[in-house]
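Visitor: fold the following and give me the result.
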Amino acid sequence: MEVFVFEKHEDELCREKAAKYLRTTPRTLATIDSTKQYDLKPFKKKDGKTYYYRSVLDAFAEADLKP
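Guide: Purely as a prediction, here's the structure:
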């Protein structure tokens with residue numbers, strides 16, 4: 001099991017921006033989250049939106065895992 005270390009200044013992307021970053025759709029990310037297909041470490045903020053850390057998305061992309 002790989003552990004990610006997050007730094008406070010790290011970029012946080014909302015689901016819409018994370019989807020664009022990964023060249024996929026917000027719905028695909030929502031499906032990945034709900035089915036627990038991959039653990040992209042999503043979290044919610046006070047605004048109710050789901051966010052992702054850029055480093056987790058980078059690791060996902062580098063592992064060449066396809067949604």
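Visitor: give me the phi and psi for residue 12.
Guide: phi -120, psi 130 (degrees, to the nearest 10).
Visitor: ok, what's across the strand from it?
Guide: Taking DSSP bridges as the rule, residue 12 bridges to residue 53.
Visitor: local confidence estimate at it?
Guide: For residue 12, the model assigns a pLDDT of 94.
Visitor: swap in residue 62?
Guide: At residue 62, pLDDT is 88.
Visitor: please apply the same query to the one 4 residues further on.
Guide: We note a pLDDT of 59 for residue 66 in this prediction.
Visitor: and if you look at residue 4?
Guide: 53.
Visitor: surely residue 16 is in contact with residue 26?
Guide: Yes: counting by C-beta atoms under 8 Å, residue 16 does reach residue 26; the two are 5.3 Å apart. No exception for glycine: its C-beta is placed from N, CA and C like everyone else's.
Visitor: overlap of the contact sets of these two?
Guide: Between them, residue 16 and residue 26 share no contacting residue under C-beta atoms under 8 Å, 6 or more residues apart in numbering.
Visitor: secondary structure class for residue 29?
Guide: Three-state assignment for residue 29 (DSSP: H, G, I helix; E, B strand; the rest coil): helix.
Visitor: contacting residues for it?
Guide: Residues counted as contacts of residue 29 (C-beta under 8 Å, 6+ apart) are 15, 18, 19, 22, 40, 42, 50, 52, 67.
Visitor: if you set the cut-off to 7 Å instead, what comes out?
Guide: 15, 18, 19 (C-beta atoms under 7 Å, 6 or more residues apart in numbering).
Visitor: ok, residue 13 next?
Guide: 21, 51, 52, 54.
Visitor: what does residue 40 give?
Guide: Residues in contact with residue 40 (C-beta under 7 Å, 6+ apart) are 32, 33, 52, 56, 57, 60.
Visitor: among those residues, who's most crowded?
Guide: Using other C-beta atoms under 10 Å as the neighbour criterion, residue 52 leads the contacts of residue 40 with 24 neighbours.
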